[in-house]
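# Fold the following for me, if possible:
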Amino acid sequence: MLIQFGDSSPSATMKTQITNSTTTKFTLNEGNAGAFRAIAELGPYGHHKIDVNTNATYRTYMAATGSKDETVEISYDEILEFGTIVLVKDEKTGKFGCEFRNSRLKKPSWKEWFSKLKPDTKPKPGTSST
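Numbering: from 1, shown residues only. The predicted structure is shown next:
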């Protein structure tokens with residue numbers, strides 16, 4: 001008699017590309033419950049594909065420059081929803097952030113829709129956009 005442990009079904013995986021559109025070097029980290037491990041170095045204008053197992057435990061991703069408070073957190077939900085995530089730098093504030101592209105959802109997500117608005121057309125806090 002053969003006894004098998006664990007799930008023998010094939011895992012559902014997808015790839016998400018993380019692209020660095022800045023001149024700053026980032027270390028891409030993957031973590032769970034606050035414990036992170038480096039998975040890739042993203043040089044200026046570099047990229048890395050993350051293989052995401054949709055059946056795996058929830059993961060958090062973080063791109064860090066190595067300087068204090070210069071990190072960009074990327075949620076597992078964002079990794080699952082978007083095929084491409086681009087690290088960007090706001091030239092006015094000097095802060096790093098993400099642009100989300102290639103949504104896997106049929107309709108544009110709120111992040112994708114909101115990122116396409118021009119800065120002067122974004123709704124002000126406490127106001128209605130209708």
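# May I ask which helix or strand encompasses Gly83?
Applying DSSP states H and E as the criterion places Gly83 in strand 82-89.
# Buried residues in that strand, which are they?
Using 16 or more other CB atoms under 10 Å as the burial criterion, the residues of strand 82-89 that qualify are Phe82, Ile85, Val86, Leu87, Val88, Lys89. The C-beta positions use only the backbone N, C-alpha and C, and glycine is treated the same way.
# Switch those over to JSON lines; also include distance to Asn20 and pLDDT.
As requested, these are exported to JSON lines (distance: CB to CB, whole Å; pLDDT from 0 to 100):
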{"residue": "Phe82", "distance to Asn20": "16", "pLDDT": "92"}
{"residue": "Ile85", "distance to Asn20": "10", "pLDDT": "96"}
{"residue": "Val86", "distance to Asn20": "8", "pLDDT": "97"}
{"residue": "Leu87", "distance to Asn20": "5", "pLDDT": "96"}
{"residue": "Val88", "distance to Asn20": "9", "pLDDT": "96"}
{"residue": "Lys89", "distance to Asn20": "10", "pLDDT": "94"}
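# what's across from the residue nearest to the spatial centre of the chain in the sheet?
Geometric centre of the chain, nearest residue: Ile74, 3.8 Å, by CA atoms, centre = their mean. Here Ile74 sits in beta bridges with Tyr61, going by DSSP bridges.
# Test my guess that it contacts Tyr61.
Yes. Counting by CB atoms under 8 Å, Tyr61 is a contact partner of Ile74 at 4.1 Å.
# Can you give me every residue that contacts the nearest residue to Glu70 once chain neighbours are set aside?
Using CB to CB, 6 or more residues apart in numbering and skipping the chain neighbours, the partner closest in space to Glu70 is Phe96 (6.2 Å). Going by CB atoms under 8 Å, 6 or more residues apart in numbering, Phe96 touches Thr22, Thr24, Ala63, Thr65, Glu70, Thr71, Val72, Leu87, Val88, Lys89, Asp90.
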